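**Q** pasting the sequence and the predicted model now:
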Amino acid sequence: MTVRLLTLLAMFPLLIMISPYPSDAGPSERLSKLCDDFWQGHLKANPTSATSLGDKRYDDQLEDITPAGIAADTKRLRSVLARAKAIPEQSLSAQDRVTRTALITEVEDQLAWIGCGFEEWTVDPLGGPQNEFMNLPDYTSIDTPADGAHFVKRIRAMGRYLDDQVANLRAGKAHGKVAARDAVQKTLDQLTRINATPAESLGVWKPALAPHPEWSGAERDRFANDLAEAIRTSLVPGLERYRVFLEKEILPVSRSSEHAGLSELPHGIDCYRKMIRVHTSVDMTPEEIHQLGLDQVAKFRRDLAALGQKVFGTSDVAEIQRKLRADPEMHFKTSAEVESKAREALARAQAAVPQWFGIQPKAPCEVKVMGMHEAPYSTIAYYRQGTPDGKRPGAYMINTYLPETRPRYEAEALAFHESVPGHHLQIAIAQELQGIPEFRKHQGVTAFVEGWGLYSERLADEMGLYSSDVDRLGMLSFDAWRACRLVVDTGIHSMGWSRQKAIDYMTENSVLAENNIVNEVDRYITWPGQALAYKLGQIEILRLRDEAKEKLGARFDIKAFHDAVLRNGAVPLPVLRQDIEEYIAQAGQAPGAAPVKAQP
């Protein structure tokens, strides 16, 4: 959930600082205690995130998005940051220095996010409450009647949460901050569809359809009745109030598609620069990123021309794009075909992992289909992490809506990115790491996570996972897609690009399906800066791999390199560089020296 920053500077002189540490605690002990305090505070402030990790303590709560709740979270984060910076880095071990840097980066990023005040204007057809609420049962464990009562209490809180969402958007409107029109219209369409759906068909009703088998009949009836009452009296009216508010108050003043970027909002450019840092962990200007994107897109067009000549007998990019987009045989026919292809690609990738990775996750990954409450306006797929205890596997969530618009040639690259060797492998390994603080297992920099996902698409080619050159065209298209993001995201948010100009650019410079391009551009408008992380992260991982190969020569071990990348969780890119330089130094100490080994 998004939050905002309230000014607390005037309050600080009144605060009495009491040391949270024993008087004899050293820097390492202080850091360990601080990391635990930060993580416990994070879980309490983000109860649905706690639920997704299998922590049931806050299963009856939702995030507090009121100004008071945001102020309390800001105070908590500022305290953590001050305590972290007060710990002398030179007194820490190498691993603790990584932890200190990661903690400071995480907290500064969260404060930057708060400072942008996204909750005052964001209307989100991808991750808004109308979708997140319906997805809750997919990651909520309801094993006992008490668990059921907690779930019901959370449903009862949804009406109030939606009213808080309305209050935040109304405040933003008063300050001249409103959402882009297309995002508002898509969200209205979703709300209209949800409100027309019978309660027993809504996602939040799922737990009542399959209660725990050990419950008595009376316990099952009580849960079903209480849940139905909570949906009827809180959630459904709240969603309707939210819909009416968007339709009557926000849609008429929403920003046109010609003015969809952050630069159109008060302090928008400053916020965009903050989001670049938050998502990438590097200091680059929008102009530098834009030019890098143009260079990467030019390279894609050369690569596509060469592979298109081999597959189709033509090197004309426009003709290759036409053949891929227009031929019905290049697209799926049924939803079942989309799902079957995803399962087959995942199984093949899992079988190849031992030859390329030393560390391997214990947690399995499964393929799941998105619900229809989100599929029409969602991305083509995403990954949902499992629980650290392994009770809920990681999930490769696929979009099977309108299967005839889903290209076959993209399916394998998509699977390798979202599941194995991509997100599932990296995230599950991080969750299972030993000897690091909990926050480093579950949080981290977007450029690491998404950079690894994009790196995995190319790695899958080295692993021999693509079935044909046509599927490799999909790999090239996906690489170009992320290069286009560098151009389009900066274009929209700092250079005044219209929504249509962004759509046209991506249509001309990728072979993505056109419905996917539209949803993607709307995603960039709603999530500024996030789309930059993929290519920037991939480029850095590839650069570090090339450096390791050059310096180690015959001693380079791809399995050890991958373990060195993954052994510390999703660290900032500058920290990743330090990790790989350490790996290179240790692996090159002497002829035949064993490469550095990661912790299992």
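**A** Done, it's in.

**Q** please parse the protein into its domains.
**A** 9-269, 273-535 (automatic domain parsing).

**Q** possible to save those domains as JSON lines with distance to K559, mean pLDDT and mean neighbour count?
**A** C-betas here are computed from N, CA, C, even on glycine. Output for the domains of the chain, formatted as JSON lines (distance: least, CB to CB, whole Å; pLDDT from 0 to 100; neighbours: other CB atoms under 10 Å):
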{"stretch": "domain 9-269", "distance to K559": "22", "mean pLDDT": "92", "mean neighbour count": "18"}
{"stretch": "domain 273-535", "distance to K559": "5", "mean pLDDT": "95", "mean neighbour count": "20"}
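
**Q** out of these, which is closest to I584?
**A** domain 9-269 (14.9 Å; CB to CB).

**Q** pick out the residue nearest the middle of this structure.
**A** The centroid of the chain falls nearest to T446 when counting by CA atoms, centre = their mean (7.2 Å).

**Q** how about it, what does it touch?
**A** By CB atoms under 8 Å, 6 or more residues apart in numbering, the residues touching T446 are V278, H279, T280, Q530, A533, G537.

**Q** equivalent analysis for D143, please.
**A** When contacts are counted by CB under 8 Å, 6+ apart, D143 is found next to H212.

**Q** out of the contacts of T446, which sit inside helices?
**A** Among the contacts of T446, the members falling in helices are V278, H279, T280, A533, G537 (criterion: DSSP state H).

**Q** quick check: the two most widely separated of the residues you listed?
**A** Taking CB to CB, no two of these sit farther apart than V278 and G537, at 13.3 Å.

**Q** list phi and psi for V369.
**A** Per-residue torsions, V369: phi -100, psi 130 (degrees, to the nearest 10).

**Q** mind listing what's buried in the helix or strand encompassing H562?
**A** For H562, the element it lies in under DSSP states H and E is helix 558-566. Neighbour counts over helix 558-566 (16 or more other CB atoms under 10 Å) mark I558, A560, F561, H562, D563, A564, V565, L566 as buried.

**Q** would you map the strands across the stretch 251-400 of the chain?
**A** Listed in chain order, the strands of the stretch 251-400 of the chain (DSSP state E, counting those that start in this stretch) span 365-369, 381-384, 394-398.

**Q** closest one to L251 among those?
**A** Here strand 381-384 is closest among the strands of the stretch 251-400 of the chain (CB to CB), at 27.2 Å.

**Q** centre of the chain to that closest one, how far?
**A** 8 Å (CA atoms, centre = their mean, to the nearest Å).

**Q** contact partners of it?
**A** Residues contacting strand 381-384 (CB under 8 Å, 6+ apart): 52, 138-139, 342, 368, 394-399, 414, 418-419, 422-424, 427.

**Q** do a quick rundown of the helices in the stretch 51-200 of the chain.
**A** 67-85, 94-116, 129-135, 145-156, 158-174, 181-195 (DSSP state H, counting those that start in this stretch).

**Q** that should have said the stretch 451-600 of the chain, apologies.
**A** Using DSSP H, counting those that start in this stretch, helices in the stretch 451-600 of the chain cover 469-494, 499-509, 514-526, 533-552, 558-566, 573-587.
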